[in-house]
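> Below are the sequence and a predicted model; questions follow.
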Amino acid sequence: MRPLEYVTPMSLAEALERLAGSDPSETVVWGGGTALGPLLRRGLVRPRVLVGLERVAGLQDLSLAEDGLRVGALVRLADLSRSPVVRGCLPVLAETAGRVGNVRVRNVATLGGHLAHADPAQDLPPVLLALDAQVRLESVRGTRTLPLERFLVGPLQTARAADELLTEVWVPAAAFGRRTAYARFTPRSSQDYPTVGVAASVRLDADGVCREARVAVGGAAPTALRVPAAEETLVGGRLTRERCRDAAAQVESAVDPWDDPRGSAQYKRAMARVWTERVLEELALEA
């Protein structure tokens with residue numbers, strides 16, 4: 001068996017030094033391990049070094065400021081779901097985090113690890129896309145911030161360079177004033193990844209006219225994605241049943257799913273339309 005070294009940096013600077021110049025096939029970051037652990041056990045990932053982040057200060061911080069909500073990469077999903085701060089400003093984020101997997105998974109899984117794993121069917125990426133979330137990436141070369149939609153580039157693929165560490169997720173305060181909802185379709189176990197997950201976020205004026213809209217889908221394309229055509233359909237009018245249906249039809253046209261045990265590509269397209277319509281009608285009822 002290939003020898004495996006587990007190192008635990010005491011600071012962010014030390015962790016970044018460990019990653020600097022490293023071979024991504026040889027050195028892998030360990031957060032909660034809920035995604036990486038099974039890959040290691042199956043021999044699908046065979047690094048020589050695991051960089052554990054549990055001793056790095058600041059990565060478990062969660063704070064609310066004038067510019068928005070900042071969540072450290074090591075904040076566990078269970079803590080995210082229970083946080084009074086998150087429940088107060090972004091209840092949809094807390095509720096969705098509380099539905100990922102089961103309690104054993106949520107007690108270990110971290111937000112940064114969840115996003116870095118980049119499985120197209122995960123629950124939180126569509127919600128965070130609808131909330132205009134950004135991620136902070138740090139390395140010894142410096143710091144950069146990316147919109148989540150640019151961070152997610154393919155199945156199990158992100159824009160993170162080998163020497164970079166995802167350290168924080170930021171949701172701008174502008175998202176707090178919008179109505180946001182998420183729905184997931186899981187025909188098997190509720191603990192499973194959804195066949196399709198849909199998030200929508202809208203801002204309505206005093207007359208009920210939609211002034212801003214975000215629509216994002218997971219499980220129906222190589223990555224979770226926003227659907228600008230659906231958003232454009234919603235903006236400028238009330239969320240009537242007909243308008244919601246038209247936007248849902250745009251989602252059905254935009255997604256690019258594949259056949260897998262959760263359903264055929266044709267079935268997933270249909271479910272993307274159905275669940276988009278349901279989410280939008282839920283938001284319309286709140287008006």
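That came in fine, so what should we check first?
> Mind telling me what element the spatially most central residue of the chain is part of?
Centroid-nearest residue in the chain, with CA atoms, centre = their mean: Pro125, separated by 2.1 Å. Assessed by DSSP states H and E, Pro125 sits inside helix 124-130.
> Name the surrounding residues that touch that helix.
77, 92-93, 96-97, 100, 111, 114-115, 118, 148-149, 152, 169, 171, 180, 182, 197-201, 214-218, 223-226 (CB atoms under 8 Å, 6 or more residues apart in numbering). C-beta coordinates here come from the backbone N, C-alpha and C atoms, glycine included.
> Those residues in strands, which ones?
Within the contacts of helix 124-130, residues falling in strands by DSSP state E are 152, 169, 171, 180, 182, 197-201, 214-218, 225-226.
> on that earlier part again, filter the contacts of helix 124-130 to the buried ones?
Using 16 or more other CB atoms under 10 Å as the burial test, these include 77, 92-93, 96-97, 100, 111, 114-115, 118, 148-149, 152, 169, 171, 180, 182, 197-201, 214-218, 223-226 as buried.
> Can you list the residue ranges for strands in this structure?
Assigned by DSSP E, the strands in the chain fall at 5-7, 27-30, 49-52, 62-65, 68-72, 134-139, 142-147, 152-154, 157-158, 165-172, 179-185, 196-204, 210-218, 225-226.
> Rebuild these as TSV, extending it with mean pLDDT.
Output for the strands of the chain, formatted as TSV (pLDDT from 0 to 100):
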stretch	mean pLDDT
strand 5-7	90
strand 27-30	87
strand 49-52	90
strand 62-65	96
strand 68-72	98
strand 134-139	98
strand 142-147	98
strand 152-154	96
strand 157-158	95
strand 165-172	98
strand 179-185	96
strand 196-204	98
strand 210-218	98
strand 225-226	98
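> Can you say which of those strands is packed in most?
Compared across these, strand 196-204 shows the largest average neighbour count, a mean of 27 (mean count of other CB atoms under 10 Å).
> neighbouring contacts of the lowest-mean-pLDDT helix or strand in the chain?
Lowest by mean pLDDT, DSSP states H and E among the helices and strands of the chain is helix 36-41, with a mean of 79. Residues outside helix 36-41 that contact it (CB under 8 Å, 6+ apart): 28, 30, 45-46, 113, 117.
> Please apply the same query to stretch 95-102.
With CB under 8 Å, 6+ apart as the test, stretch 95-102 has contacts from 34, 77-78, 80-82, 86, 106, 109, 111, 114, 122-124, 127, 182, 184, 190-191.
> From one end of that stretch to the other, what's the distance?
Separation of the first and last residues of stretch 95-102 by CA to CA, to the nearest Å is 13 Å.
> Also stretch 95-107?
Termini of stretch 95-107 sit 15 Å apart (CA to CA).
> Then stretch 18-35?
Taking CA to CA, stretch 18-35 runs 21 Å from one end to the other.
> Equivalent analysis for stretch 119-135, please.
Span of stretch 119-135 from end to end, CA to CA: 16 Å.
> Next: stretch 185-196.
End-to-end distance (CA to CA), stretch 185-196: 5 Å.
> next one: stretch 28-43
14 Å.
> Which positions within that stretch qualify as buried?
Quick answer for stretch 28-43 (16+ other CB under 10 Å): 28-36, 40.
> Please compute how far it lies from its chain's middle.
18 Å (CA atoms, centre = their mean, to the nearest Å).
> So for the helix holding Pro125, mean pLDDT?
Helix 124-130 carries an average pLDDT of 99.
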